[in-house]
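Student: Model the structure of this input:
(2 chains)
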Amino acid sequence: MNINRRAQQRSVEIVSNKKIGAYHHMVFAVGDMALHALPGNFVAISVGGPGSSMVLRRAFAIYRTHDRGNYGGTLELVVAPHGQGSRWLTALPMHATVDMVGPLGTNFGIPTEPVNALLVGGGYGSAPLFGLAELLKENGCRVDMVLGASSAGKIYAPLEGKRAVNSMTVTTDDGSAGTKGQVISVLPGLIERYNIEIIYSCGPMPMLAAVQEVAQKFGIIHQCAVEEAMACGIGVCMTCVIPLRDANGEIRMSRSCIDGPVMDGANVIWNSKGEIPKGTVGEPHV
Amino acid sequence: MSHMSNFDFATSFNNTSFPNPIFTASGCAGSGKELSQFFPLNEIGAIVTKSIMVKARSGRPTPRMAETPSGMLNSIGLQGPGIDQFLAEDIPFLIKAGSRIIVSIAGESVDDYGSLARRLRGVPGLSAVEVNISCPNVESRGQVFACDPIASRAVVEVVRRTLGGELPIIVKLSPDVTDIVAIAGEVISAGADGLALINTLLGMVIDIDLMRPKLGGKTGGLSGPAIRPIAVRAIYQVHQAFPKVPILGMGGVTNGRDALELVLAGASGVSIGTATFGNPSALMSVKEELKSLLIARGFSSFKDAVGHAHRSENE
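Tutor: Here you go, the predicted structure:
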């Protein structure tokens, strides 16, 4: 069990909230929470205000953090106003406060030696990859990035983010930006061209599963940040489980919030939504 | 205020006393480790553990959760490590943390409950055993024990007999029955020392895009503020019928005023479940708010407030 011991719960102030394409870029003054966050970690925010009928927290991958500035430590999120909770959050004005728990979960591992890294993001899943890119660059890595979305408006790639990478490839399903198609179609070419040694990914589960197939074919390590619906984010509700092979080779229903969100793609039993894979510890005996 | 410092917040279930009446709800506190980074576990009355079964259990497939208005459906399916690993890992951690412990047990047959009680006999550091009977009985075509007075009685009798007389047995009842007072009467006469009211209610959400049930397990247990009035009603009815039997109340408690409602209905303790998902420190805030509300109403002792809504018109 990998409980993030640096997690804290605090009331945090919104110090910026800007609409960018299909998303909101939000900045929160979080004090020393910013010091403890690593790329891949997430936060869980209470939504709807006091007396709200929305009883569960919403989990958001951390886009990046700054440990000092005009507002002290800040933490940034890229929020897609998909549902009732995220719409409430993105509609909040400057200086409003929200209850935040973080940083939560596991983080992307950074290689001890400089390597050639490929970062793959789907939709706003690209957000945590920019902080990761900076960290990898600081460690002497070559960093190439692929971002995919349904259309141009759903690609999240801020200018400063683009500067942090050696190359940026964009794919859209409708061809409104970059290469028409899905990220998977461009991966083999990039892997060969840049002699990729590790893949980091973040985005919808079907995309992560497809990235793992490519990584396996090329024999490349793949660290992915999984997305599974969470009720609490802190490891107590047992709803965000996915089947994961542990160090002893046993498959266990593991919590995305505690044993993830960053997992070794080779250890995840993919495409198992709606079923308990055969051989899982404690599988139902029919 | 001297009045405040003299307030007696303690509660008891039979001979076992707890420094305050705020407990976790079974299945809503992980192993205890996860919550211990948000508050010291010895600050609450006790940790009620997840319902532990004889063997390790993977639980149900995902999706396991659907948020509903003022509540949620869950379909976890009692995922857990099984009694052996639980006793080897979870219990020592809780003891070291100074937590009082109520172990919750669940079985698929009457024999399972007997085996679990046998494993718990003599385990040091336990304050009580909660018997979760809201499980399908494999020997009775999957009918839930808690909905069958005869099966409920059989389970409580075997636990009572196996465990001996030392640890209080608290039996957790399902509200999905026609007459909860009748089921309560059965388990009390079978040897229950206390009752836990209420478990979740069975519900379903259909995904209107997929046009299928949203949860992997199709049905799930409804919890959260949406079910609180049902909890208050059930506690009130059972306390009225069995005023001497202590009740651990639960169902949608989010703050001190909610907890007070359950206490006035007859709860000697209050468990916090779903509220913890939305707020990891909910147990602490409920505890402080309940205490303030009781003091503000002139109570010098928590126990005096238990069942206070039942007093006669001229009191």
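Student: going forward, measure contacts and count neighbours with C-alpha atoms only.
Tutor: OK.
Student: What residues does residue 191 make contact with?
Tutor: Assuming you mean chain A. The contact partners of residue A:191, by C-alpha atoms under 8 Å, 6 or more residues apart in numbering or on different chains, come to residue A:118.
Student: was after chain B, sorry
Tutor: B:156, B:157, B:160, B:169.
Student: Secondary structure element holding the second one?
Tutor: Read it as residue B:157. Element membership for residue B:157, per DSSP states H and E: helix B:149-163.
Student: avg pLDDT for the helix or strand following that helix?
Tutor: Under the assignment DSSP H and E, the closest C-terminal helix or strand after helix B:149-163 is strand B:169-172. Computed over strand B:169-172, the mean pLDDT rounds to 98.
Student: Give me the neighbour count for residue B:95.
Tutor: Neighbour count of residue B:95, defined by other C-alpha atoms under 10 Å in any protein chain shown: 16.
Student: Now it, what are its backbone angles?
Tutor: Phi and psi for residue B:95, reported as degrees, to the nearest 10, are phi -60, psi -40.
Student: helix/strand/coil for residue B:183?
Tutor: On the three-state scheme (DSSP: H, G, I helix; E, B strand; the rest coil), residue B:183 is labelled helix.
Student: Let me know whether residue A:230 touches residue A:242 as I believe.
Tutor: No. Between residue A:230 and residue A:242 there is no contact under C-alpha atoms under 8 Å: 11.5 Å.
Student: which of the two has more neighbours?
Tutor: Taking other C-alpha under 10 Å, residue A:230 and residue A:242 do not tie; residue A:242 has more neighbours (29 against 26).
Student: Surely that one forms part of a strand?
Tutor: Yes. Residue A:242 sits within a strand when classified using three-state DSSP.
Student: Tell me the spacing between it and residue B:188.
Tutor: As judged by C-alpha to C-alpha, to the nearest Å, residue A:242 and residue B:188 stand 40 Å apart.
Student: What of residue A:257?
Tutor: For residue A:257, the distance to residue B:188 equals 40 Å [C-alpha to C-alpha].
Student: of those two, who's got more company?
Tutor: residue A:257 (32 against 21).
Student: hang on, that one packs against residue A:105?
Tutor: Yes. Counting by C-alpha under 8 Å, residue A:105 is a contact partner of residue A:257 at 5.2 Å.
Student: what does the average pLDDT come to for stretch A:52-60?
Tutor: Mean pLDDT, computed over stretch A:52-60, is 96.
Student: again, but for stretch A:251-264
Tutor: Computed over stretch A:251-264, the average pLDDT equals 96.
Student: right, quick check: stretch B:63-78 against chain A, any contact?
Tutor: Yes. Residues of stretch B:63-78 contacting chain A under C-alpha under 8 Å from any C-alpha of the partner chain: B:63, B:64, B:65, B:67, B:68, B:69, B:70, B:71, B:72, B:74, B:75, B:76.
Student: So, low pLDDT: which residues of the chain?
Tutor: Using chain A. Within chain A, the ranges that satisfy pLDDT under 70 run A:1, A:286.
Student: Let me rephrase: I mean chain B.
Tutor: Of all residues in chain B, those with pLDDT under 70 make up the ranges B:1-4.
Student: Just say helix, strand or coil for the residue of it positioned farthest from its centre.
Tutor: Most distant residue from the mean C-alpha position of chain B: residue B:209, 35.2 Å away (C-alpha atoms, centre = their mean). The three-state label given to residue B:209 by three-state DSSP is coil.
Student: Could you list the contact residues of the stretch 151-286 of chain A toward chain B?
Tutor: Counting by C-alpha under 8 Å from any C-alpha, the stretch 151-286 of chain A sits next to chain B at A:229-242, A:252-253, A:273-276, A:280-284.
Student: Quick one: the helices in the stretch 151-286 of chain A, in order.
Tutor: Ranges of helices in the stretch 151-286 of chain A, per DSSP state H, counting those that start in this stretch, are A:159-163, A:183-193, A:205-218.
Student: should've said the stretch 1-150 of chain B
Tutor: Secondary structure of the stretch 1-150 of chain B (DSSP H, counting those that start in this stretch): helices located at B:2-5, B:83-85, B:91-96, B:110-120, B:149-163.
Student: and the stretch 101-250 of chain B, which residues reach chain A?
Tutor: Proximity of the stretch 101-250 of chain B to chain A, by C-alpha under 8 Å from any C-alpha, involves residues B:216, B:224.
Student: For chain A, what's the nearest residue on the stretch 101-250 of chain B?
Tutor: Nearest to chain A, among the residues of the stretch 101-250 of chain B, is residue B:216, at 5.3 Å (C-alpha to the nearest C-alpha).
Student: Show me chain A divided up by domain.
Tutor: Partitioning chain A according to automatic domain parsing yields domains covering residues A:8-104, A:108-227, A:229-286.
Student: mind checking which of those is nearest residue B:200?
Tutor: Nearest to residue B:200, of all the domains of chain A, is domain A:229-286, at 14.1 Å by C-alpha to C-alpha.
Student: Would you pull up how far that closest one lies from the middle of the chain?
Tutor: 17 Å (C-alpha atoms, centre = their mean, to the nearest Å).
Student: my guess is residue B:306 contacts residue B:266, does it?
Tutor: Yes. Counting by C-alpha under 8 Å, residue B:266 is a contact partner of residue B:306 at 5.0 Å.
Student: Need the three-state assignment for residue B:235.
Tutor: Using three-state DSSP, the secondary structure recorded for residue B:235 is helix.
Student: which residues touch it?
Tutor: So residue B:235 contacts B:197, B:247, B:249, B:262, B:265, B:266, B:267 (C-alpha under 8 Å, 6+ apart).
Student: same thing but at 10 Å, please
Tutor: By C-alpha atoms under 10 Å, 6 or more residues apart in numbering or on different chains, residue B:235 lies in contact with B:180-181, B:195-198, B:229, B:241, B:247-250, B:262-267, B:307.
Student: can you pull the buried residues of stretch B:90-104?
Tutor: Buried residues in stretch B:90-104, counting neighbours by 16 or more other C-alpha atoms under 10 Å in any protein chain shown, are found at B:90, B:91, B:94, B:95, B:99, B:100, B:101, B:102, B:103, B:104.
Student: Narrow the residues of the stretch 151-286 of chain A next to chain B to those in strands?
Tutor: Judged by DSSP state E, the subset of these located in strands is A:241, A:242, A:252, A:253.
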